[in-house]
Every structure is written in C-alpha cells, then in structure tokens.
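S.K.: here's a sequence, model it:
(one chain, ligands or ions: 1)
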Amino acid sequence: MAKSRIFIVEDEEDITTLLHYHLTREGYSVSTAAHGEDAIKQIPNQMPNLVLLDLMLPGLDGLEVCRALKQSSKTVGIPIIMLTAKGEESDIVAGLELGADDYVTKPFSIKVLIARVRSLLRRRRNPPADTEATIQTHDLVINPGRHEVLLKGKRLDMTFSELRILHFLASRPGWVMTREQIVDAVRGTDYAVTDRAVDVQIVGIRKKLAQRADYIETVRGVGYRFKE
Ligand code: CA
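M.R.: Purely as a prediction, here's the structure:
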C-alpha cells in the first residue's frame, strides 16, 4: 500500500521537527512549509492525503490557508487537522466552519496527534452514512426512516429535530460539530433550528438518553461530538 502523505504547515521549527520525526517513523511520507503562502503554492502540486495546519502563522494565517484550500475544487477534499493554542475557540469554530475536519490543542501529546491522524485518514475511506441510513452504535439504533430511536431495544420518544441532530452526530463519531454545522444538517427539514436552540435540543436528547447522556460530549466553546 502506498504511504499516506502528510503536509505540515507550521512556523515553529521544533514542532515541525518533532512531527516530521514521529510521522515518518509511523510510516507516513511528510512534507512541510513554514509559511501560509508557501503552503498554498505547494499543497495543490503535492496533493497530500492530509494537512496539519498551524493557525498562528506569520503572514497568511492558518484560517486563510484553510479557506484557500477549501475554496479550490482541487484541494477541497483534503482533510485538515488544525493545530491551535488554548483560548483559540473562536478560531477553531471558524476553521471547522470553513471545512477543517478536526483540531488538536497545543501542547499536544504526539500519541494523541497520531491517533487523530490515523482516525481521520480512516474516516476518509469510510464516508459517513447518508441522512436516511440506520445507524447502530454502542447500544443505540437510530432509524430515521421509521422515525425510531432504540436504546438497548427500548424505544425513546424523540422529536423530529432531536432525532435528526442525534443521527447527524452519531453518523460521525469523534468529529466535533459546531452549532452552525448542526443547524445546517437539520435545516432543509421543515423545522427551524437556530444556533442557540441547538443547546436546548441537546439538553432534550440527553434527557432521553438518560444514563447514556454522555454519548453526546460538549466541547467547550466549540460544539458537540458523539462519543467515539
Ligand atoms: Ca505558529
């Protein structure tokens, strides 16, 4: 099998060196750029399988790089993991909404980062279920066609919006979804769900999941994630 190619955009040399060393040892082929401008030039030529993108870059910053990559039809499909600092929640939200797939907060453990890389490359090979597919995960069965949620075989009484939100999150376990992404996923159905209403819906879903409420994790300042 061909090596997966990872492109690192990071201006801090010691982090680049560390990542380069460990990712190469894991069997990935690694390229790097220290500047956003350089990254935007090189990535469309190299077409890596995944980009690790630092948000705080001199000149063109990470969010602008993310926007440029997601605006081009050539590079839109390349998954991006953002490298962020603590306290950059609003940038994380912006990046996720621009189409970045995941993020890791510095200082990160190299083990965690490699696990995220692996998981994202794997997810890319298994695209998420469509909006009508039945999802079976942990002890939950979510069947949108029959408008049915079963927990350990027992039917839970969910509203239409609750079921849609639960289905959307459960179709991508481990992915952090911003409120806006959740709204977008549920929109197009007849129900108007606003940003803030998402929080209310989540409270309702958790209440019904009862002892399994922790299947839906809150990611502070960013959004929600279904337990992997
Ligand atoms: Ca930086």
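
S.K.: next up, the contacts around the closest residue to residue 140 other than its chain neighbours.
M.R.: Leaving aside its sequence neighbours, residue 140 sits nearest to residue 151 (Cβ to Cβ, 6 or more residues apart in numbering; 5.7 Å). Glycine gets a C-beta too; all of them are placed from N, C-alpha and C. Residues near residue 151 by Cβ atoms under 8 Å, 6 or more residues apart in numbering: 139, 140, 209, 210, 212.

S.K.: what sits closest to residue 217 if chain neighbours are left out?
M.R.: The spatially closest residue to residue 217, leaving aside those adjacent along the chain, is residue 225, at 4.8 Å (Cβ to Cβ, 6+ apart).

S.K.: name the element that neighbour belongs to?
M.R.: strand 223-226 (DSSP states H and E).

S.K.: in the sheet, who's paired with the residue nearest to residue 140?
M.R.: residue 140, residue 154 (DSSP bridges).

S.K.: does the ion sit close to stretch 75-90?
M.R.: No. With Cβ under 5 Å from the ion as the criterion, the ion is not reached by stretch 75-90; the gap is at least 7.7 Å.

S.K.: give me the buried positions along that stretch.
M.R.: For stretch 75-90, burial by neighbour count (16 or more other Cβ atoms under 10 Å) applies to 75, 78, 79, 80, 81, 82, 83, 84, 88, 89.

S.K.: now do that stretch: everything it contacts.
M.R.: Outside stretch 75-90, the residues touching it (Cβ under 8 Å, 6+ apart) are 10, 15, 43-44, 47-56, 62, 66, 69-70, 91-92, 95, 99-106, 108, 113, 116-117, 120-121, 124, 220-222.

S.K.: could you list the domains of the protein?
M.R.: 5-125, 129-226 (automatic domain parsing).

S.K.: neighbours around residue 147, how many?
M.R.: 12 (other Cβ atoms under 10 Å).

S.K.: same question for residue 28.
M.R.: 21.

S.K.: begin at 375 from now on, thanks
M.R.: Yes, from this point I'll number from 375; that puts the last item at residue 402.

S.K.: over to the residue of the chain found nearest the ion. Which of the three states is it?
M.R.: Residue of the chain nearest the ion, by Cβ to the ion: residue 430 (3.9 Å). In three-state terms, and counting by DSSP: H, G, I helix; E, B strand; the rest coil, residue 430 is coil.

S.K.: would you agree it is in contact with residue 438?
M.R.: No. Judged on Cβ atoms under 8 Å, residue 430 makes no contact with residue 438 at a distance of 11.8 Å.

S.K.: where along the chain do the strands fall?
M.R.: 379-383, 403-407, 424-428, 454-459, 476-480, 509-511, 514-517, 522-525, 528-530, 550-552, 590-593, 597-600 (DSSP state E).
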